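In: Need coordinates for the following:
(one chain, ligands or ions: 1)
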Amino acid sequence: MAAKLISGKEIAKTVYEHLKSRIKIIKKICGKTPGLAVILVGNNPASQVYVRMKTKMCEKLGILSEHIELAGSASHQEVIDNVKKLNNNNDIDGILVQLPLPSQCGENIILNTISPDKDVDGFHPENMGNLLIGKPKFIPCTPLGIWVMLKQSGYSPEGKHVVIVGRSNIVGKPMFSILCQKTKYANATVTLCHSRTKNLPEITKTADILIAAIGRPHFITKEMVKPGTVVVDVGINRVDDSSSPRGYKLVGDVDFDEVSKAAEAITPVPGGVGPMTIAMLMNNTILSCETKHGITAPSILD
Ligand code: NDP
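Out: Below is the predicted model:
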């Protein structure tokens, strides 16, 4: 039987309705508009696409968006100076430095320069630490989007065995930190796998919920998934496709056609985790503005 499709695109639409009402409340209470600044260094085509999508969504929602483009040759100090300026700009509630950065820019130092109060990506060590102890200010957008998606589609991780493949700081580790908490829609037993994990298929086959964040096209095959699993595909991989005008297509880390025959539910690529990531960036920017003005609004998970 074909798996149920968990459409991030559709769930994001309901999230945007919730966000619009929160923006209205902010305007009504303090006359302010949430503001997001994005710094893009260089001309990586994928990064340019992501930044355009984020800016467009800000415009659509009525979030102030500032877009700073620096040359690929920009120095580390130039990026730091721009971040510091934004830290002190009262119109800006969220700062995002688009990754990857050119090699002359020290990624960690730059990310750590962002004020933790404006770190809407949730990558600052202070925010990562708060997430780990169950007191998050900002949760990284991709894992937050996956969490909301699971909740909204009726697949709460509570009491389930969740297997995450991939231990990056932006997806795997924060996903682990969210789902192991003693909170509603979490309370999962979580296994975090990576490239040194032995007998990976034996572990993935024990998952009730399998989250793939690897960066390898079609890595998760049907032999790695037990029937009835809920499968979340985070991967975005370009593979050659001569039938596409662009010469490539985007595929996930999961062999969708085969795995969807066994899974209970599955997220597509594109249209799955990607749209939720952008929605959560908007959520975190609005949350930052609410916090700054002492406004308590219903959470995205209420
Ligand atoms: P990273 O490259 O930072 O991490 C990949 C992880 O996969 C690592 O932990 C690595 O293990 C693990 N891995 C690699 N090969 C294997 C293997 N053979 N067996 C088991 N584990 C393996 O990637 P990201 O987390 O940044 O991204 C993962 C994917 O998700 C990418 O395709 C990326 O484009 C996509 N992505 C999508 C987003 C969205 O919004 N939809 C947002 C962010 C990312 P080890 O640590 O041992 O090296």
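
In: all contacts plus neighbour counts: C-alpha atoms, from now on.
Out: Will do.

In: all strands of the protein, in order?
Out: 4-5, 35-41, 64-70, 94-97, 161-165, 189-193, 209-212, 230-233, 237-240, 248-251, 265-266 (DSSP state E).

In: could I get the fifth one in CSV with only the CA atoms?
Out: Written as CSV, here are the backbone C-alpha positions of strand 161-165 (Å, rounded to 0.1, in the frame of the first residue of the first chain):
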residue,chain,number,x,y,z
HIS,A,161,11.7,4.9,18.7
VAL,A,162,13.1,7.7,16.5
VAL,A,163,16.2,6.9,14.5
ILE,A,164,18.1,9.9,13.1
VAL,A,165,20.7,9.3,10.4
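
In: name the helices or strands packed onto that strand?
Out: Counting contacts by 3 or more Cα pairs under 8 Å, 6 or more residues apart in numbering; DSSP states H and E, strand 161-165 packs against helix 172-179, strand 189-193, strand 209-212.

In: Arrange these in TSV, one row each, with mean pLDDT, distance to Lys32 and mean neighbour count as further columns.
Out: Formatted as TSV, these follow (pLDDT from 0 to 100; distance: least, Cα to Cα, whole Å; neighbours: other Cα atoms under 10 Å):
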stretch	mean pLDDT	distance to Lys32	mean neighbour count
helix 172-179	98	31	22
strand 189-193	99	40	19
strand 209-212	99	38	27
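
In: ok, now how distant is Ser244 from the ligand?
Out: To the ligand, Ser244 is 20 Å away according to Cα to the nearest ligand atom, to the nearest Å.

In: burial count for that residue?
Out: 9 (other Cα atoms under 10 Å).

In: Would you mind naming what in the stretch 51-200 of the chain lies close to the ligand?
Out: Residues of the stretch 51-200 of the chain lying near the ligand by Cα under 6 Å from any ligand atom: 142, 165-168, 170-171, 194-196.

In: out of these, which are buried?
Out: Using 16 or more other Cα atoms under 10 Å as the burial test, those include 142, 165-167, 170-171 as buried.

In: Looking at those residues, which one is closest to Lys28?
Out: In terms of Cα to Cα, no member of those lies closer to Lys28 than Thr142, at 29.9 Å.

In: Return the residues in contact with the residue nearest the centre of the chain.
Out: With distances taken as Cα atoms, centre = their mean, Thr142 lies nearest the centre of the chain, 1.5 Å away. Counting by Cα atoms under 8 Å, 6 or more residues apart in numbering, Thr142 touches 170-171, 273-274, 276-277, 280.

In: again, only using 7 Å
Out: 171, 277 (Cα atoms under 7 Å, 6 or more residues apart in numbering).

In: would you turn the residues of the stretch 51-200 of the chain next to the ligand into TSV with pLDDT?
Out: As requested, these are exported to TSV (pLDDT from 0 to 100):
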residue	pLDDT
Thr142	98
Val165	99
Gly166	98
Arg167	98
Ser168	98
Ile170	96
Val171	98
His194	98
Ser195	98
Arg196	98
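
In: I'd like the strands of the chain laid out as TSV, including distance to Lys20.
Out: Formatted as TSV, the strands of the chain follow (distance: least, Cα to Cα, whole Å):
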stretch	distance to Lys20
strand 4-5	26
strand 35-41	14
strand 64-70	13
strand 94-97	17
strand 161-165	32
strand 189-193	34
strand 209-212	29
strand 230-233	27
strand 237-240	32
strand 248-251	30
strand 265-266	28
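
In: What residues are recorded as beta-bridge partners of the closest residue to Asp233 other than its chain neighbours?
Out: Nearest residue to Asp233 in three dimensions, chain neighbours excluded: Ala212, at 5.1 Å (Cα to Cα, 6 or more residues apart in numbering). According to DSSP bridges, the residues that bridge with Ala212 are Val165, Asp233.

In: Which residue ranges of the stretch 101-250 of the chain form helices?
Out: According to DSSP state H, counting those that start in this stretch, the stretch 101-250 of the chain carries its helices in the segments 107-113, 125-132, 141-152, 172-179, 200-204.

In: can you list the residues that contact the second one?
Out: Applying Cα under 7 Å, 6+ apart, the external contacts of helix 125-132 come out as 116, 122, 136-139, 177.
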